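J.: one predicted model, sequence on top.
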Amino acid sequence: MKYSIIILSAVILILSSCTKENSSTYERFYFKNNGADLAVEVNGNIASNTFILLLHGGPGGSGFEYNTGEYAQTLEEKYAMVYLDQRGQGASQGSYDEAVVTLQQFGDDAYQLTKFLKKKYGAGISVFLMGHSWGGTTGTHALLNTDVQTELKGWIEVDGAHDIPLLNKEAIKMFLEIGNAEISAGNNTEKWQDIVDFAAGVDTNNISVDEGGQINGYGFEAEGLIAQIAAGGSGDPSHGLLTSPLTSATNALAGLLTANTINGETEKASMTADLNKITIPSLFLWGKYDFVVPPSLGEMAFNNVSSTKKEVVIFEKSGHSPMDSEPDLFAEKVIQFVELHK
C-alpha cells in the first residue's frame, strides 16, 4: 500500500493565507490521506482547545459552504470550527475512482483528520464530530466502522441520512400526511396534489433508485411549500464564502464526479440496526418539516444509540437545515451540548 506512510505522517500543504485573520483564528491547509489532498479550513476560537469537525451534505457539497451565516459566526466565537471538503468534493483533490470513493474511505478520512488535529493543536484538545444530511451518512459510518469514537467527546447529527431506505419510507409518510392536510387547508393545492399523487403510487416495500431520487427532489420542493419554516438569518455575507477557493462551477463538477461514484453505495446505506454501537454523547438536531431526511430518523437514532448522555431536539420552524432557519437556537443547542461534554 504505497499510501500507508502518507496516512501516518499526515503531510500538510498550506493552501493559502488570509489577510483578514491570523493563525490564532484561521488556518487553511490540505490534509493528505490515501491518495487524496483534502481541503480543510479551521476558523474561530482555536485558543478554546475545542474543535467541531463538520462533515458537509451532498454528495457533491463543500465544507466551506457551511462557513457562513449567523450560526457559524456564533459557534466560531466559542470554538474552532473545522470545515472539511470531503474526498472528491469542493477544493479537495484526488481520484474519483470507486476503489477510493467509498463510505469506508470517507470514514477513515474523518478518523485520520481527527487524529491529526490532536497532533497539530495538542493531545488535550476536545473534538466533536458534526454531520449534516449526507454528512450524517459518512459520519455515522465512521463511528460504526473506525475507531474515531475513541478520539471524540461527542457526535452531533443534524438531519443526517444514516438510513436511506428508511428515510425514503418515512418521507412518503410525510408527503401523504402533511400534503393532504395542506390540500385540505387550501395551501398550494396543485403542487401538493402532484406530490401526494406520486407518494400514493410508491410501493414502500420496493422503492427503486429512481424513485429514491424523486423522493429527494420532492422533499426539497415540499419544504419550499411550508409557510411555517422560518426565513432565518444570513449573517455577514462576507463571512466564509469570500475566503473560499471554490467557484460554483468547480464545486459542481467535483461533486458530480463523486456523486456518480458513491451514490450506489449511499442508496443502500442502512445503519439504524447498528446504532447501538455508538456510545459517546450524542445530540440529534432535526427540522420538524424536513421532508428530505424526516425527523423520525432523528428520534429513532436517539432511541437506538447506547449513550446514556443523549438528546434529540426538533426545531419547530425548520426544514432540512435548522442552522439556517433557526440559527440562534441551533447555536444555543450545540453550545449547551459541547459545554456539557468537552
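T.: Good, I have the coordinates.
J.: quick check: nearest residue in space to the most centrally placed residue in the chain, chain neighbours excluded?
T.: Most central in the chain under Cα atoms, centre = their mean is residue 132, positioned 2.1 Å from the mean C-alpha point. Using Cβ to Cβ, 6 or more residues apart in numbering and skipping residues adjacent in sequence, the residue nearest residue 132 is residue 158, 4.3 Å away. The way it works is simple: take the backbone N, C-alpha and C, and place the C-beta from them, glycine included.
J.: next: residue 133.
T.: Here the residue nearest residue 133, using Cβ to Cβ, 6+ apart, is residue 57, at 3.2 Å.
J.: now do the contacts for the residue nearest to the centre of the chain.
T.: Counting by Cβ atoms under 8 Å, 6 or more residues apart in numbering, residue 132 makes contact with 54, 55, 56, 57, 66, 158, 159, 160, 321, 323.
J.: just to revisit the earlier point, report the contact partners of the residue nearest to residue 132.
T.: When contacts are counted by Cβ under 8 Å, 6+ apart, residue 158 touches 130, 131, 132, 133, 135, 136, 285, 286, 322, 323.
J.: 7 Å instead, please
T.: By Cβ atoms under 7 Å, 6 or more residues apart in numbering, residue 158 lies in contact with 130, 131, 132, 285, 323.
J.: am I right that residue 88 is in a helix?
T.: No - per DSSP: H, G, I helix; E, B strand; the rest coil, residue 88 lies outside any helix segment and is coil.
J.: test my guess that it contacts residue 260.
T.: No - applying Cβ atoms under 7 Å as the test, residue 88 and residue 260 come out as separate, 10.1 Å apart.
J.: higher neighbour count, these two?
T.: Counting neighbours by other Cβ atoms under 10 Å for residue 88 and for residue 260 shows that residue 88 has the greater number, 28 against 14.
J.: the more buried one and residue 212, how far apart?
T.: Residue 88 is 21 Å from residue 212, where distance means Cβ to Cβ, to the nearest Å.
J.: which element is residue 216 on?
T.: For residue 216, the element it lies in under DSSP states H and E is helix 209-223.
J.: now do residue 335
T.: For residue 335, the host element (DSSP H and E) is helix 327-341.
J.: next one: that helix to chain centre, how far?
T.: Its chain's C-alpha centre and that of helix 327-341 lie 16 Å apart, by Cα atoms, centre = their mean, to the nearest Å.
J.: likewise for stretch 84-96?
T.: 15 Å.
J.: stretch 158-172 too?
T.: With Cα atoms, centre = their mean, you get 14 Å for stretch 158-172.
J.: start to end distance for that stretch?
T.: In stretch 158-172, first residue to last residue: 20 Å (Cα to Cα, to the nearest Å).
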